[in-house]
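Trainee: Turn this into a structure:
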Amino acid sequence: MVLLQRRVLFVCLGNICRSPLAEGVFRHHVKQAGLEEQIYVDSAGTASWHTGKKPDIRSIQTAQKHGVDISNQEARQLEDEDFEKFHYIIAMDASNLSNIQAKAPYLHTANIRLLLQDEQKDVPDPYYGANEGFDEVYDLVRDGTYNLLQEIREEMEPTEI
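Mentor: Predicted coordinates for the structure are as follows:
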């Protein structure tokens, strides 16, 4: 019996606020569920401004308040290969969703969608705001990634060989 690994990529604009937080929180959910071998998690940005940089210190601090460490992540830009490498490419907002869809090759296998797809709601960019914005993002990401994990768990069926 072979378990197929699911690969999930979270995407925001610069990959220093929302998507690193989503990556860290989702990875935390995955670890709590004992699914580290079955689910691979990463994050990226649609823009390259922060490539190679650590997440925004406010994202790091917000994650730490909730027992999640994202301090070792490094920003990277969404790449063409990601559309074949990842099963899910999860956008934090409609603008980035549009940018991801525009970059996607005509034929790809990725499920591209919003994190808060059911509500058709954006995870707001907290970069230019106060620290409370990061707490709001954490709450939205926590709930959205938990729901995503439940969806993936329902979809993951062992394949017999």
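
Trainee: max-length helix in the protein?
Mentor: For the chain, the helix with the greatest residue count under DSSP state H is helix 132-155.

Trainee: Please give me every residue in contact with D42.
Mentor: By Cβ atoms under 8 Å, 6 or more residues apart in numbering, the residues touching D42 are R7, V8, L9, F10, E23, F86. C-betas here are computed from N, CA, C, even on glycine.

Trainee: For it, give me phi and psi.
Mentor: Backbone torsions of D42, given as degrees, to the nearest 10, read phi -150, psi 180.

Trainee: per-residue pLDDT, it?
Mentor: pLDDT recorded at D42 is 98.

Trainee: what pairs with it across the strands?
Mentor: Here D42 sits in beta bridges with L9, going by DSSP bridges.

Trainee: That one and N15, how far apart?
Mentor: Going from D42 to N15 by Cβ to Cβ, to the nearest Å gives 10 Å.

Trainee: what do you get for E119?
Mentor: Counting by Cβ to Cβ, the gap from E119 to N15 is 23 Å.

Trainee: How about G34?
Mentor: From G34 to N15 the distance is 28 Å (Cβ to Cβ).

Trainee: and if you look at V123?
Mentor: According to Cβ to Cβ, V123 stands 13 Å off from N15.
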